[in-house]
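> A structural model of the following input is requested.
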Amino acid sequence: MSFQKILVGLAPTPANQIVFEAALELAIANNAQLFLFHSISADSMIAPPTFSGDLGLSPHLIEQAYQVEQIQIDNQTRYIKEYLTDLCEQAVQRGVRVESASQIDEPGRSLCKKAEEWDADLIIVGRRGRSGFAEALLGSVSNYVLHHSPCTVMVVQGQKKTESKLEEASVAETVASS
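You can find the predicted model right below:
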């Protein structure tokens, strides 16, 4: 199976470097185009408060808190753009055609929507390893994408699982050679 348009869901975490590297290698092997994508969760976006008087709080203090939050959001958005630009440069250096974007929306939903708009034939996402109650409570982008994607999905296991498997293999090898 050959892929020509690979959409990669990324966040600036160490585990996502593994996701990027897997996507880059697959793009090189298939002479495919990459689209690096990050979705800033709508939960992190805030609206100006309209209830300050109801709580007995000074409207001035509420406005200051809102401004600080807005600055943090602007900084986060700028950081994401720099992160994606850096990854694009790495891909270009390896001869891969690449573009990137970020937007404010729920990550799983926006990845599926972008895949459909861009006509991707593969989505690559990472997995943090949440399960059970944590996954039910916090949600899982990879799980959402698996169930709603318009194309094939590749889920790359997070760094922790990979490291622990390497450690287990090393321990097993040591025990076997003893």
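> what's the longest helix in this structure?
When the chain is scanned for its longest helix (criterion: DSSP state H), the result is helix 59-93.
> all strands of this protein, in order?
5-9, 33-40, 98-104, 122-127, 152-157 (DSSP state E).
> before we move on, the earlier item: now for the longest helix of the chain, which elements pack on it?
helix 14-30, strand 33-40, strand 98-104 (3 or more Cβ pairs under 8 Å, 6 or more residues apart in numbering; DSSP states H and E). In this view, the C-beta of every residue, glycine as well, is placed from N, C-alpha and C.
> and it, what's buried?
Buried residues in helix 59-93, counted by 16 or more other Cβ atoms under 10 Å: Ile62, Ile80, Tyr83, Leu84, Leu87, Cys88, Ala91.
> most packed of the strands of the chain?
Across the strands of the chain, averaging neighbours per residue (mean count of other Cβ atoms under 10 Å) puts strand 5-9 on top, at a mean of 26.
> run through who's touching that one.
Outside strand 5-9, the residues that touch it by Cβ atoms under 8 Å, 6 or more residues apart in numbering are 19-20, 23, 26-27, 30, 32-39, 107, 111, 114-115, 118-126, 141, 145.
> over to stretch 83-91?
10, 12, 20, 24, 27, 34, 36, 38, 98-102.
> then that stretch to CSV, C-alphas only?
Only the C-alpha atoms of stretch 83-91 are listed here, as CSV (Å, rounded to 0.1, in the frame of the first residue of the first chain):
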residue,chain,number,x,y,z
TYR,A,83,7.4,24.3,16.3
LEU,A,84,5.7,23.5,13.1
THR,A,85,8.0,25.7,11.1
ASP,A,86,11.0,23.9,12.6
LEU,A,87,9.6,20.5,11.7
CYS,A,88,8.8,21.7,8.1
GLU,A,89,12.4,22.8,7.7
GLN,A,90,13.6,19.3,8.9
ALA,A,91,11.3,17.7,6.3
